[in-house]
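In: 3D, please:
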Amino acid sequence: GLPTVSYMAEKLNVSSRYLSDLLKQETGKTAIELIHMHLVKEAKNLLIEGKMNISEIAFSLGFENSNYFARLFKKEVGVSPNAFKDNSLN
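Out: The predicted structure follows:
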């Protein structure tokens, strides 16, 4: 599944609240925003690589629903994953 704030906090041996507060203070973004940014960055790399389709990329990143992945990607990037892939391959 998708990485959660509590999962990341557990790996760092801190509380979710502490991690969220620290990241917000240091970056101005919430922990979940930073997780989403990282996932979108990875998705961009995989789309540019061109070896997997959108559904495969979504599932490899932990999304159970490729439609949710596509909505998040479009919200963050401004274009759909398909449009991004088409533009990067041309």
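In: check which helix or strand the residue positioned nearest the centre of the chain maps to.
Out: By Cα atoms, centre = their mean, the chain has its centre lying nearest to Leu39, at 2.1 Å. Assigned by DSSP states H and E, Leu39 falls within helix 31-49.
In: now do that helix: which elements does it pack against?
Out: Contacts defined by 3 or more Cβ pairs under 8 Å, 6 or more residues apart in numbering; DSSP states H and E place helix 31-49 against helix 5-11, helix 16-27, helix 54-60, helix 66-77, helix 81-89. For the C-beta atoms, the positions are set from N, CA and C on the backbone; glycine is no exception.
In: confidence-wise, which helix or strand of the chain is lowest on average?
Out: The helix or strand of the chain with the poorest confidence is helix 81-89; it has a mean of 89 (mean pLDDT, DSSP states H and E).
In: quick one: low-confidence ranges for the protein?
Out: 90 (pLDDT under 70).
In: ok, now with 80
Out: 89-90 (pLDDT under 80).
In: sorry, back to before: tell me the buried residues in the helix holding Leu39?
Out: Neighbour counts over helix 31-49 (16 or more other Cβ atoms under 10 Å) mark 31, 34-36, 39-40, 43-44, 46-47 as buried.
In: with stretch 15-34 instead?
Out: Buried, per 16+ other Cβ under 10 Å, within stretch 15-34: 19-20, 23, 31, 34.
In: gap between the two ends of that stretch?
Out: Terminal residues of stretch 15-34 lie 17 Å apart, using Cα to Cα, to the nearest Å.
In: ok, now stretch 41-60?
Out: First-to-last residue span, stretch 41-60, Cα to Cα: 13 Å.
In: same question, stretch 45-58
Out: So stretch 45-58: terminal residues 13 Å apart, Cα to Cα.
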